[in-house]
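Q: have a look at this fold, sequence not included:
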């Protein structure tokens, strides 16, 4: 509900909220120990800390098991040294000059691509060697949500910042991807609903050839198909959410399915809204061009639709 409603107002703000609440807060709540949750979650819930998650890399996206960021233990295992880079990180920077406050970062502690080769670490702002590589500029959409590259150069992380067990993060990562895809699908609903509202209102107000354009069959078709598509997606998303146990694994069929359907649905509905508005749909005054640009990310983020 929160992701649909926030996205209907501003998808980019909702994306930042998703990265903070789902990819960091919920992730740590499900997988962290009592000390870690006591240290980080209160400030994350008040907004004193803005969090995120580091999984994708400059050369690794949907193929997450191919990540190259490494975490090497010291002699007694009391700390790990992380080297590598993470890319496309929402909330990676807040002010554009340094990193966000705290992140859950996945790194290789094994040498292969097996389920026991990845470990999750809590990385805190101002850890020596942890820096902002770049703020990602010139994005097609989601421009109100900051995206960044994060760089790790001999970042020494105490073992107390390991989330779960060493080599035990793969299943947690995939479980969190399921939740991320469900909430991205909910964001799609917000974009579609807002687009429908805008084109419906415009069609009732705009006159052409002596009557409202909403009286013409082609416009009615655009609105009615958009509403049907939205309601189909909404039913699928809320049914999946109702049955999802966020502490469980193996929900990929429908968690992937809702994003596979809803992401292109939102883009198509926004596209119809632009067409109904004509020239006004192509400029920022009515917001649908922004919704159209924002919607495209939902086919890419959280794993490309081709991977579902």
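A: On my side now, so go ahead. These numbers come from a predicted model, not from an experiment.

Q: pretty sure residue 303 contacts residue 174?
A: No. Assessed by CB atoms under 8 Å, residue 303 is found out of contact with residue 174, at 10.1 Å. For glycine as for every other residue, the C-beta is placed from the backbone atoms N, C-alpha and C.

Q: next one: phi and psi at residue 141?
A: Reported as degrees, to the nearest 10, the phi and psi values for residue 141 are phi -140, psi -170.

Q: also the one 4 residues further on?
A: The phi/psi pair for residue 145 (degrees, to the nearest 10) reads phi -110, psi 120.

Q: per-residue confidence at it?
A: Listed pLDDT for residue 145 reads 97.

Q: ok, it - contacts?
A: 12-13, 15-16, 19, 90-91 (CB atoms under 8 Å, 6 or more residues apart in numbering).

Q: kindly report the same for residue 53.
A: Residue 53 sits in contact with 19, 23-24, 27, 89, 103-105, 176, where contact means CB under 8 Å, 6+ apart.

Q: distance check, it against residue 126.
A: 19 Å (CB to CB, to the nearest Å).

Q: now swap in residue 160 and tell me
A: 17 Å.

Q: before we move on, back to that, what about residue 303 and residue 174, which has more around it?
A: Ranked by neighbour count (other CB atoms under 10 Å), residue 303 and residue 174 place residue 303 first, with 20 against 17.

Q: leaving out sequence neighbours, find the closest residue to that one.
A: Nearest residue to residue 303, sequence neighbours excluded (CB to CB, 6 or more residues apart in numbering): residue 62, at 4.9 Å.

Q: and the one you found, helix, strand or coil?
A: coil (DSSP: H, G, I helix; E, B strand; the rest coil).

Q: can you map out the helices along the stretch 201-308 of the chain?
A: With helices called from DSSP state H, counting those that start in this stretch, the stretch 201-308 of the chain shows them at 217-243, 252-277, 288-297.

Q: among the ones you listed, which comes closest to residue 164?
A: Proximity to residue 164, assessed across the helices of the stretch 201-308 of the chain by CB to CB, is greatest for helix 252-277 (19.9 Å).
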